[in-house]
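A.B. asks: I'd like to go over a predicted model; first the sequence, then the structure.
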Amino acid sequence: MMRSLFSGISGLKVHQTKMDVIGNNISNVNTVGFRASSVNFTDVFYQTTQGASGPNAETQAPGTNATQIGLGANVAAIAVDLSGTGATQRTDRGMDVMINGDAFLIAKQNGQTFFTKSGALDVDANGTLYCTTNGAAILGWRAVDTGGGNREIRKDTATTLQLMGGENSYSSPNPTTDITLKGNIDSNDVQLNYSSDTQQTGYPLSVSFYDKLGSLNTVKYVVHKASATADSTYTIKMTDILGSDGKSLLKEQDMNGDWYAAGTVTPGTAGGAEAPGTTHPVTINLNGQAITYKVSKTGDLTFSGTWPSLKFNGSTGEFQYVGTAPATAGQTGQQSLKLGLTIGAESPYLQTTGTAPNIEGGVEQHFGNLTMYAQDGVSSVKPNRGTDDGKGTGNAAGSLTGFTVQNDGKIFGVYTNGDKNLLGQIAVATFANPSGLEAAGNSLFSATKNSGDFDGIGIDISEVGKFSIGALEMSDVDLANEFTNMITTQRGFQANSRVITTSDSMLEELVNLKR
């Protein structure tokens, strides 16, 4: 009789435990990355009142089964299925990531390593990537410079990702190495008319480039016909070079306001040198030819040198060459001009070496996209920094303004100059038995002997899946299932209560036999 009481009590306990788990599941129905738990019961402590016996061939007695009385139930396991991926919650927030694959983010908190499914990430005041759900730092691999402006991920030990501060706070400037000119030269354009070999007028071209320090400079050209009778051959002349402040790099004023060549005026004095450019610190090289100049006291620039030609096919309007004509008729002509500029011993500009067309360094100006079609006497040429495929554009120095995360976990810094730099990559961890992880609260799990060990390095998410950016993994709690479990748990608890009350009534009858 007393056994039924204790069996009922054990039934109440296990159903109460199951109700506790159900309550926890339902309370976390909207917790990011939460995985629901399930409870399994087992029967325990059987009392054997009679053992089993086998059949006796001699006496023809049959075998008998053991007689056992169970002593209740116990909780066998509270299991959590941490494999796979839960439902998706779209956030459209660039720092939110969802793991599509059987893996975990690696987190560090109070010197301990944890694992989480919550991808609600952000960057703290120190520039460290962390999870907003629990405040733990997210681990990954840092990017290192490999030379030539390239960066790559070094997949050694997973460490905290310091996305701001130091070299990540700015983007270094890069000099422009290529300029592509596109458009049309109309031979009927009056701006192209020839007046003399020394004319400084014509169709204006302004070509801008970044120097090594990130300053944007502009070279001023004019284009005019090579002679009064030439309708398809043009001369390209330089008229000035402006700095980022819009002022000429080639001249400066003395204390009296008179103009002289840059670098030839002693500060606070009057007078300077008006010699050609070869005698002062500014050196200009166009298409392998030295370009010299003089400055009048009123500030006028006079250039001297061998000016390159721009040649089109007079019957088709197609581009033929720029610079010098090909040595043999029918050969492809020169497509570009190299501009080299040096000012002072430590010049931020790009100097050239060699002779045309084999010139190294400088800024290469590509003319091959130009045409010479009739367009109502109006020419239109637009220089663009970089090649047709966007290389060699150059850029100014920039400061960090934000981050972007790719679906392979790579994090790029976005800078004010439009540049993007690789800063690091989020690492993930996998386990032989994910359900063996132990919950530590705040959506964190820790490794156990039954889950498998973490190697301290992590793996690339591409080995098991990918990240979804702008989304989070939702709780996998199924309310319909939880409410159904709640009903069966309630009925199980109620039935065990009845066992106790019924046993009590039977004991009461037994006590009343004394009367």
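C.D. replies: Good, I have the coordinates. Numbers count the residues shown, from 1 in each chain.

A.B. asks: Using PDB, write down the CA coordinates of stretch 310-329.
C.D. replies: The C-alpha trace of stretch 310-329 is given here as PDB (Å, rounded to 0.1, in the frame of the first residue of the first chain):
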ATOM      1  CA  LEU A 310      46.100  62.700 -81.600                       C
ATOM      2  CA  LYS A 311      45.200  61.000 -84.900                       C
ATOM      3  CA  PHE A 312      41.900  59.700 -86.300                       C
ATOM      4  CA  ASN A 313      40.900  58.100 -89.600                       C
ATOM      5  CA  GLY A 314      39.500  61.000 -91.600                       C
ATOM      6  CA  SER A 315      37.000  58.800 -93.600                       C
ATOM      7  CA  THR A 316      35.600  56.700 -90.700                       C
ATOM      8  CA  GLY A 317      36.200  58.800 -87.600                       C
ATOM      9  CA  GLU A 318      37.900  55.900 -85.800                       C
ATOM     10  CA  PHE A 319      40.800  56.500 -83.400                       C
ATOM     11  CA  GLN A 320      44.200  55.600 -84.800                       C
ATOM     12  CA  TYR A 321      46.900  56.600 -82.400                       C
ATOM     13  CA  VAL A 322      48.100  59.100 -79.800                       C
ATOM     14  CA  GLY A 323      51.700  60.300 -79.300                       C
ATOM     15  CA  THR A 324      53.800  59.300 -82.300                       C
ATOM     16  CA  ALA A 325      52.800  57.500 -85.500                       C
ATOM     17  CA  PRO A 326      53.500  53.700 -85.700                       C
ATOM     18  CA  ALA A 327      56.800  52.900 -87.400                       C
ATOM     19  CA  THR A 328      55.100  50.700 -90.000                       C
ATOM     20  CA  ALA A 329      51.800  51.500 -91.800                       C
END
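
A.B. asks: Tell me which residues of that stretch come out buried.
C.D. replies: In terms of neighbour count (16 or more other Cβ atoms under 10 Å), stretch 310-329 has its buried residues at Leu310, Lys311, Phe312, Gly317, Phe319, Gln320, Tyr321, Val322, Gly323, Thr324. C-betas here are computed from N, CA, C, even on glycine.

A.B. asks: ok, now stretch 497-511?
C.D. replies: Val499, Ile500, Ser503.

A.B. asks: where does Val21 land in three-state SS?
C.D. replies: Judged by DSSP: H, G, I helix; E, B strand; the rest coil, the three-state class of Val21 is helix.

A.B. asks: packing partners for the lengthiest helix in the chain?
C.D. replies: Among the segments of the chain that qualify as a helix by DSSP state H, the longest is helix 479-512. When contacts are defined as 3 or more Cβ pairs under 8 Å, 6 or more residues apart in numbering; DSSP states H and E, helix 479-512 sits against helix 2-27.

A.B. asks: So for the next helix or strand after the helix it packs on, mean pLDDT?
C.D. replies: Downstream of helix 2-27, the next assigned helix or strand under DSSP states H and E is strand 37-43. Averaging pLDDT along strand 37-43 yields 91.

A.B. asks: and what of stretch 422-436?
C.D. replies: The model assigns stretch 422-436 a mean pLDDT of 93.

A.B. asks: how about that stretch: buried residues?
C.D. replies: Leu422, Leu423, Gly424, Gln425, Ile426, Ala427, Val428, Ala429, Thr430, Phe431, Pro434, Gly436.

A.B. asks: Number of residues surrounding the residue nearest to Gly361 when sequence neighbours are not counted?
C.D. replies: Nearest residue to Gly361 in three dimensions, chain neighbours excluded: Thr352, at 4.7 Å (Cβ to Cβ, 6 or more residues apart in numbering). Residues contacting Thr352 under the criterion other Cβ atoms under 10 Å number 23.

A.B. asks: before we move on, what about Ser399?
C.D. replies: 11.

A.B. asks: quick one: it and Asp419, what's the gap?
C.D. replies: Counting by Cβ to Cβ, to the nearest Å, the gap from Ser399 to Asp419 is 10 Å.

A.B. asks: joint contacts of those two?
C.D. replies: Common neighbours of Ser399 and Asp419 (criterion: Cβ atoms under 8 Å, 6 or more residues apart in numbering): Ser171.

A.B. asks: Name the residues of the helix or strand hosting Phe209 that are buried.
C.D. replies: In this structure, Phe209 is located in strand 203-210 according to DSSP H and E. For strand 203-210, burial by neighbour count (16+ other Cβ under 10 Å) applies to Tyr203, Leu205, Val207, Ser208, Phe209, Tyr210.

A.B. asks: now stretch 89-102
C.D. replies: Thr91, Met95, Asp96, Val97, Met98, Ile99, Asn100, Gly101.

A.B. asks: Helix, strand or coil: sort out the fifth one for me.
C.D. replies: Secondary structure, three-state DSSP: Met98 is strand.

A.B. asks: which stretches of the stretch 351-500 of the chain have low pLDDT?
C.D. replies: By pLDDT under 70, the weakly predicted segments of the stretch 351-500 of the chain are 354-357.

A.B. asks: can you give me the end-to-end distance of stretch 386-403?
C.D. replies: 25 Å (Cα to Cα, to the nearest Å).

A.B. asks: circling back to that earlier point, between the buried residues of stretch 310-329, which sits nearest Gly214?
C.D. replies: Nearest to Gly214 among these, counting by Cβ to Cβ, is Val322 at 28.3 Å.

A.B. asks: Can you name the residues bridging to the closest one?
C.D. replies: Applying DSSP bridges to Val322 yields these beta-bridge partners: Leu310.

A.B. asks: what residues are up against it?
C.D. replies: Val322 touches Ile236, Pro308, Ser309, Leu310, Lys311, Gly333, Gln334, Gln335, Ser336, Leu337, Phe367, Gly368, counting by Cβ under 8 Å, 6+ apart.

A.B. asks: my read is the first one is in a strand, agree?
C.D. replies: So that's Ile236. Yes. Assigned with three-state DSSP, Ile236 falls within a strand.

A.B. asks: got the contact list for it?
C.D. replies: Leu205, Tyr221, Val222, Val223, Trp307, Pro308, Ser309, Leu310, Val322, Leu337.

A.B. asks: hang on, the earlier thing: lowest-confidence one in the buried residues of stretch 310-329?
C.D. replies: Comparing the buried residues of stretch 310-329 by pLDDT, Thr324 comes last, at 84.

A.B. asks: Tell me if I'm right that that residue and Ser309 touch.
C.D. replies: Yes. Contact criterion Cβ atoms under 8 Å: Thr324 and Ser309 qualify, at 7.1 Å.

A.B. asks: got the contact list for the residue nearest to Gly361?
C.D. replies: Asn285, Gly288, Lys338, Leu339, Gly340, Ile359, Glu360, Gly361, Gly362.

A.B. asks: Next, find the distance separating it from Gly288.
C.D. replies: 7 Å.

A.B. asks: between these two, what contacts are shared?
C.D. replies: Common neighbours of Thr352 and Gly288 (Cβ under 8 Å, 6+ apart) are Lys338, Ile359.

A.B. asks: in which helix or strand would I find the residue most central in space within the chain?
C.D. replies: Centre of the chain computed as the mean C-alpha position; nearest residue by Cα atoms, centre = their mean is Phe412, 2.8 Å away. Element membership for Phe412, per DSSP H and E: strand 410-415.
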